[in-house]
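Novice: Pasting a predicted model and its sequence here:
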Amino acid sequence: MIQSADIREWRNHDVVDPRGHKIGVLEAVYVDTVTDEPAVVTVRTGLPTRQRLVFVPLDEAVLGPDYLKVSHSKGEVRKAPSIGTDDVLLAESEVEIFHHYGMRYEPGAGGERKLARR
């Protein structure tokens with residue numbers, strides 16, 4: 001498992017898909033609020049004047065020399081839920097990320113958020 005401190009050091013490094021195609025640049029790390037383990041990253045994509053942050057799960061992610069390789073294809077990530085570069089993830093939008101990637105969404109026992117930015 002990739003540790004939260006380790007992955008934060010990779011901010012501004014390339015994020016690539018399983019075939020090595022560049023998806024974008026790592027922007028931020030979101031941890032699972034129950035386990036405090038890294039769960040999702042945001043990847044800065046798009047043209048310099050029209051960038052957005054897409055969400056990508058870290059399941060089966062691998063850190064390389066200058067990149068983070070995720071287990072989802074570039075095409076799948078491009079269709080993922082996103083936010084503007086100055087926006088924040090709303091609690092009610094979390095479920096969309098999990099559903100897009102076919103993952104089960106379970107909020108905390110008290111209904112609290114599943115993801116927290118670190």
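Specialist: Sure thing, it's come through. Note that this is a predicted model, so its numbers are computed, not measured. Numbering: from 1, shown residues only.
Novice: At the geometric centre of this protein, which residue do we find?
Specialist: V41 (2.3 Å; Cα atoms, centre = their mean).
Novice: That one should be in a strand, yeah?
Specialist: Yes - assessed by DSSP: H, G, I helix; E, B strand; the rest coil, V41 belongs to a strand.
Novice: Would you mind checking the average pLDDT for the longest helix along the chain?
Specialist: When the chain is parsed with DSSP state H, its longest helix is helix 94-100. Across helix 94-100, pLDDT averages out at 96.
Novice: Same check on stretch 110-118?
Specialist: 85.
Novice: Mind listing what's buried along that stretch?
Specialist: Within stretch 110-118, the residues that qualify as buried by neighbour count (16 or more other Cβ atoms under 10 Å) are 114-115. Every C-beta, even on glycine, is put in place using the N, C-alpha and C of the backbone.
Novice: what's in contact with that stretch?
Specialist: Residues from elsewhere that reach stretch 110-118 (Cβ atoms under 8 Å, 6 or more residues apart in numbering): 4, 8, 28-34, 38-40, 88-89, 91, 94, 97-98, 105-108.
Novice: Point out the ones among those residues that are inside strands.
Specialist: Judged by DSSP state E, the subset of the contacts of stretch 110-118 located in strands is 28-32, 38-40.
Novice: What separation is there between Y105 and R118?
Specialist: Distance, Y105 to R118, using Cβ to Cβ, to the nearest Å: 19 Å.
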